[in-house]
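> pasting a predicted model and its sequence here:
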Amino acid sequence: MLELLPMVFAAPGEALARAEEVLEDRPAPLHASVAHQVIGIWQRDFGDMRLALSHLRRARAWAARADSAEREADVLGTLGVALVHAGRTRQGMDALHKGVERGTGHTRARVLFRRAYSYWVLGHHKEALEDVRRAIPVLRQAGDVIWTARALTLRATVHLALGSVDRADSDFGAAGILWETTGQEHDKADAVESRGLAAFRAGDVPAALRLLDEAEERYAKLGTPTFMLSIRRCEVLMAAGLAAEALAEADTALGALDGIGGQSTRKAELLLAAARAARLAGEPQTAIARAALAARLFAGQRRTWWETHARLVLIGARHAAGRRSGRLVADAAAVAEMLAALGAPAAPEASLLAGRIALDLGWTADAERHLALAARSRRRGPPLARMTGWAAQALRAQAAGSPRGVLEACRRGLDVLDDHRMTLGASELRARATAQGTELAALAQRASLASGGPRRLLVWSERWRATALSAPPTRPPADPALLSDMTAYREIAARAEETRMEGRPVPALEREQRRLEREIRSRTLHMRGGAPDVGDRLDVGRLLARLGEDVRLVELAVLDGRVQVLLCGQDRVRRFEAGSLAAAESEAEHVQAGLRRLAHPGAQARLPVVEAAGRRLEELLLGPAAAHLGDGPVVVVPPGRLHRVPWALLPSLRERVLSVSPSASSWLRAKETAPPRGGRQVLVRGPGLATGGAEVPELAGRYGGATVLEHEDATVPRVLAELDGAGLAHIAAHGTFRADGPLFSSLRVADGPLIVHDFERLDRSPYRIILSCCDTARFATVGADELLGLVTALLPLGTAGVVACSAPVNDAAVVPLMLALHEGLDSGLSLAEALRDARATLPADAVHRATGWAFTAFGAA
């Protein structure tokens, strides 16, 4: 009978079924006790806590009837853990203490492990380590591999909570060797999950995500819930800049836990995870509600460690919601003191929060005291902890009136985050991780504006802009599973599109498409970065030399909601203040709506309205700088939130050679990128265009030896093979921008969508690429000031120039624009020059003018 107990974590469903069968046969008291204990463990960890407690109480009663002190001690240990998870902390610890008193030898060691586990759940880490220390030698002497491995895993987990990553790694490694000799599949899955947490604590986010996904697959095979895994994944997702996803995961898990009547302790932990995620996702009211409820639950469960962490999130959310008071400073300081006493790594975060609030109130002496405590963490610990310390140091310098100190602290803090970012292989994670440096970048920009003049402001504006483009993303591995998923995704997406065109619903296909998207994205996020090469920092002298006397580069920085125009050229940088960023964003949306209307015949009356909006945009975005642009070419470097502005619509830019770049550094790299030898031309024509891609046959005749891919030849593998290393590529295809998943934005070719993830597989993207497709110049703004989309995927891979479109356009009007554009390229013009001249050849009607404005030249080729 006793073999059923380890089976609960080897084959949970089978153990439950066999225990229920035992009870049907009127077993002896000892057997009945074991069967009820097995069912109680299953319900405790995977089901209804009320049923768990009922069965475990019966198990204890049957143990007493069997007159077995060892059996009763073992059941008391299981019952104690269940009571703690049910929020009945005092009763649970009483049961555990009794179990330790009644058990002897091997049994007592197992109960000590359970008490240690309960101490860990409660946040009493010193006591947990002491009980594990006493249990492990006895378990080893008894040759109990399973319980020794469990004890080592628990000790490692406690070490992680206290920030001792090396000790945790050692114990996880020893436990892993033991687990491999057992058939404990659930315990093995838990070990993989714990290794994922260890990887995260060590700063390896991709490995953490990979291990947590592997653990989830193992749990799925066993059919067991994954609430602890959800809590841990939320933590990793938040560190990866995916706070909204973390919030959704926590909420989903909370719903599932409530649905089965699961553990009260897990509910409180999930509420805390949801509160943290909501705060990072910019939802302070949601964070306040979740953190307050979590704090109440933790208090009722007598879990001081956890309650203190919940109070930290609650105070931070209240601060984010705009609350400022001396009481809030005192509360944050008390939380910092308590966390420090508990040995919690989050203590500096609480001190930083107290310092921030004190600064808001003008209490500089109090702020200095709290910030000095927080700043101690800047030289040790994982990257995000050191970031906290450098943020505190920057605020100290700002309060002391030391711009130099601010800039030094910001530089050191952003360097730490750069090292962390470059461990991430996926471009999405690199971009999103920059959100953690937003405050430091803003502090540095303010200090630059106050003390260093326009040139220094330009350097700091560049320091944290489009950083994901500064080094190529890690090339996706030749993973057969990933390649298979991407092929399946194309097939499903193509079938779904065909079915929609027939007017039929496609719910099953859409569900499968979403599943494959999750799989592709998940595998991509597992990629680790290569060498920590963060790319070149902007050399202003080199930039000005490249611009020469005629070219002007206009970088738009945003400080405190106002647009600062940094005009570079003629060997100097000048600053002008323009308008409100919020007003410019609103005006840009109106312009985009106007362009969409002008794409259709009959909207001629809207043309003056759109042109008037262009004039208002110029005033808001360029202000007095518009009068100092000279007569030469202009490069515009907008912040991410202004990526949808059709810059050619602005009156002072309308007749100019105009290009756009995500950053000045990106433009400089493009300017210095050499074209490939041979300069192959590739022309691609996708299906379903209203004009049939009419420019492609004519271009094929013009270029002679160009590779033409159309009809069944225009498949994703063939297109990618021909694009790799090409000198010039022209793709006429339907474009789709995915705001919900920008790396699934696509161009439609013969066998389905050609997505951004596909382009990232190129060794070198085309030197010049023209995308005569709708919505190819649309981006998702993420992180601090990063853009995700098709154009930004190409720029780090060797592309020096792109022509793309930021709005839906009239297909027929695109054809003459593209033909004129290539005519200019044939005569030796750059993309920006050719596009300017091509616009001038179009008819003056609204449709053609709107089409010309919708296309933009990016880069410098």
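Noted; the coordinates are in hand. All values reported here derive from a predicted model rather than from experimental measurement. Numbering: from 1, shown residues only.
> determine the longest helix present in the protein.
Across the chain, the longest stretch assigned as helix under DSSP state H is helix 480-501.
> elements contacting that one?
helix 507-525, strand 752-755 (3 or more Cβ pairs under 8 Å, 6 or more residues apart in numbering; DSSP states H and E). Quick note: C-beta positions are derived from backbone N, CA and C, even for glycine.
> could you rerun that using 10 Å?
When contacts are defined as 3 or more Cβ pairs under 10 Å, 6 or more residues apart in numbering; DSSP states H and E, helix 480-501 packs onto helix 507-525, helix 716-723, strand 746-749, strand 752-755, helix 756-759.
> out of those, which gets nearest to A365?
A365 lies closest to helix 507-525 among the helices and strands packed on helix 480-501, at 45.0 Å (Cβ to Cβ).
> need the helices and strands packed on helix 480-501 in JSON lines with distance to G255 and mean neighbour count, can you?
Output for the helices and strands packed on helix 480-501, formatted as JSON lines (distance: least, Cβ to Cβ, whole Å; neighbours: other Cβ atoms under 10 Å):
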{"stretch": "helix 507-525", "distance to G255": "19", "mean neighbour count": "17"}
{"stretch": "helix 716-723", "distance to G255": "38", "mean neighbour count": "19"}
{"stretch": "strand 746-749", "distance to G255": "33", "mean neighbour count": "25"}
{"stretch": "strand 752-755", "distance to G255": "31", "mean neighbour count": "25"}
{"stretch": "helix 756-759", "distance to G255": "31", "mean neighbour count": "23"}
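> among these, which is nearest L607?
strand 746-749 (29.5 Å).
> run through who's touching the closest one.
For strand 746-749, contacts defined as Cβ atoms under 10 Å, 6 or more residues apart in numbering pick out 490, 493-494, 497, 684-689, 709-710, 713-716, 718-720, 731-738, 752-759, 771, 773, 775-776, 790.
> sheet-wise, list the partners of it with their directions.
Sheet pairing for strand 746-749, assigned by DSSP bridges, gives strand 735-736 (antiparallel), strand 752-755 (antiparallel).
> now do the phi/psi pair for V660.
phi -120, psi 140 (degrees, to the nearest 10).
> re earlier: how distant is the longest helix of the chain from the center of its chain?
Its chain's C-alpha centre and that of helix 480-501 lie 25 Å apart, by Cα atoms, centre = their mean, to the nearest Å.
> just flag whichever of the strands paired with strand 746-749 has the lowest average confidence.
Across the strands paired with strand 746-749, strand 735-736 has the smallest mean pLDDT, namely a mean of 90.
> hang on, the earlier thing: grab the CA positions of the longest helix of the chain and hand them over as PDB.
What follows is helix 480-501, C-alpha atoms only, in PDB (Å, rounded to 0.1, in the frame of the first residue of the first chain):
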ATOM      1  CA  PRO A 480      13.500  21.500 -36.900                       C
ATOM      2  CA  ALA A 481      10.500  22.100 -34.600                       C
ATOM      3  CA  LEU A 482      10.600  25.800 -35.300                       C
ATOM      4  CA  LEU A 483      11.000  25.400 -39.000                       C
ATOM      5  CA  SER A 484       8.100  22.900 -39.000                       C
ATOM      6  CA  ASP A 485       5.900  25.300 -37.000                       C
ATOM      7  CA  MET A 486       6.700  28.100 -39.400                       C
ATOM      8  CA  THR A 487       5.800  26.000 -42.400                       C
ATOM      9  CA  ALA A 488       2.600  24.800 -40.800                       C
ATOM     10  CA  TYR A 489       1.800  28.500 -39.900                       C
ATOM     11  CA  ARG A 490       2.100  29.600 -43.500                       C
ATOM     12  CA  GLU A 491      -0.200  26.700 -44.700                       C
ATOM     13  CA  ILE A 492      -2.800  27.400 -42.100                       C
ATOM     14  CA  ALA A 493      -2.700  31.200 -42.700                       C
ATOM     15  CA  ALA A 494      -3.100  30.700 -46.400                       C
ATOM     16  CA  ARG A 495      -6.000  28.300 -46.000                       C
ATOM     17  CA  ALA A 496      -7.700  30.700 -43.600                       C
ATOM     18  CA  GLU A 497      -7.300  33.600 -46.100                       C
ATOM     19  CA  GLU A 498      -8.700  31.500 -49.000                       C
ATOM     20  CA  THR A 499     -11.700  30.500 -46.800                       C
ATOM     21  CA  ARG A 500     -12.400  34.000 -45.800                       C
ATOM     22  CA  MET A 501     -12.400  35.200 -49.400                       C
END
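> that helix vs helix 716-723, what angle?
110 degrees (axes from the mean of the first three to the mean of the last three Cα atoms, to 10 degrees).
> can you list the buried residues in helix 480-501?
482, 485-486, 488-490, 492-494, 496-497 (16 or more other Cβ atoms under 10 Å).
> please apply the same query to stretch 823-840.
Buried residues in stretch 823-840, counting neighbours by 16+ other Cβ under 10 Å, are found at 824-825, 829-839.
> likewise for stretch 110-129?
110-125, 127-129.
> can I get it in PDB, CA atoms only?
Provided in PDB are the C-alpha atoms of stretch 110-129 (Å, rounded to 0.1, in the frame of the first residue of the first chain):
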ATOM      1  CA  ARG A 110      10.100  13.500   6.100                       C
ATOM      2  CA  VAL A 111       7.900  15.500   8.500                       C
ATOM      3  CA  LEU A 112      10.900  17.900   9.100                       C
ATOM      4  CA  PHE A 113      11.000  18.400   5.300                       C
ATOM      5  CA  ARG A 114       7.300  19.200   5.200                       C
ATOM      6  CA  ARG A 115       7.700  21.700   8.000                       C
ATOM      7  CA  ALA A 116      10.600  23.300   6.200                       C
ATOM      8  CA  TYR A 117       8.400  23.500   3.100                       C
ATOM      9  CA  SER A 118       5.700  25.200   5.100                       C
ATOM     10  CA  TYR A 119       8.200  27.600   6.600                       C
ATOM     11  CA  TRP A 120       9.300  28.500   3.100                       C
ATOM     12  CA  VAL A 121       5.700  29.100   2.000                       C
ATOM     13  CA  LEU A 122       5.300  31.400   5.000                       C
ATOM     14  CA  GLY A 123       8.500  33.200   4.200                       C
ATOM     15  CA  HIS A 124      10.400  32.000   7.400                       C
ATOM     16  CA  HIS A 125      13.600  31.200   5.500                       C
ATOM     17  CA  LYS A 126      15.900  30.700   8.400                       C
ATOM     18  CA  GLU A 127      13.700  28.200  10.000                       C
ATOM     19  CA  ALA A 128      13.200  26.400   6.700                       C
ATOM     20  CA  LEU A 129      16.900  26.000   6.200                       C
END
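> how far does that stretch sit from its chain's centre?
With Cα atoms, centre = their mean, you get 34 Å for stretch 110-129.
> let me know the pLDDT of D536.
Confidence for D536, expressed as pLDDT, is 63.
> same check on P472?
Value for P472, per-residue pLDDT: 69.
> so for A246, which of the strands paired with strand 746-749 sits nearest?
strand 752-755 (24.6 Å).
> residues contacting L2?
30-31, 34, 37-38, 71, 74.
> next, the angle helix 507-525 makes with the longest helix of the chain.
150 degrees.
> oh, and call the first residue 667 from now on, that's how I've got it
Happy to do that; since the first residue is 667 now, the last one works out to helix 1146-1167.
> could I get the average pLDDT for helix 1146-1167?
89.
> with stretch 1334-1351 instead?
92.
> how far away from the center of its chain is it?
With Cα atoms, centre = their mean, you get 32 Å for stretch 1334-1351.
> buried ones in that stretch?
1334-1337, 1339, 1346-1351.
> quick one: end-to-end distance for that stretch.
32 Å (Cα to Cα, to the nearest Å).
> do me a favour and get the end-to-end distance for stretch 1125-1142?
End-to-end for stretch 1125-1142, by Cα to Cα: 32 Å.
> should've said stretch 1519-1527
Span of stretch 1519-1527 from end to end, Cα to Cα: 19 Å.
> go on, stretch 1372-1388?
End-to-end distance for stretch 1372-1388: 10 Å, by Cα to Cα.
> cool, and stretch 1086-1093?
Taking Cα to Cα as the criterion, the two ends of stretch 1086-1093 lie 13 Å apart.
> tell me the mean pLDDT over that stretch?
84.
> distance from that stretch to the middle of the chain?
With Cα atoms, centre = their mean, you get 11 Å for stretch 1086-1093.
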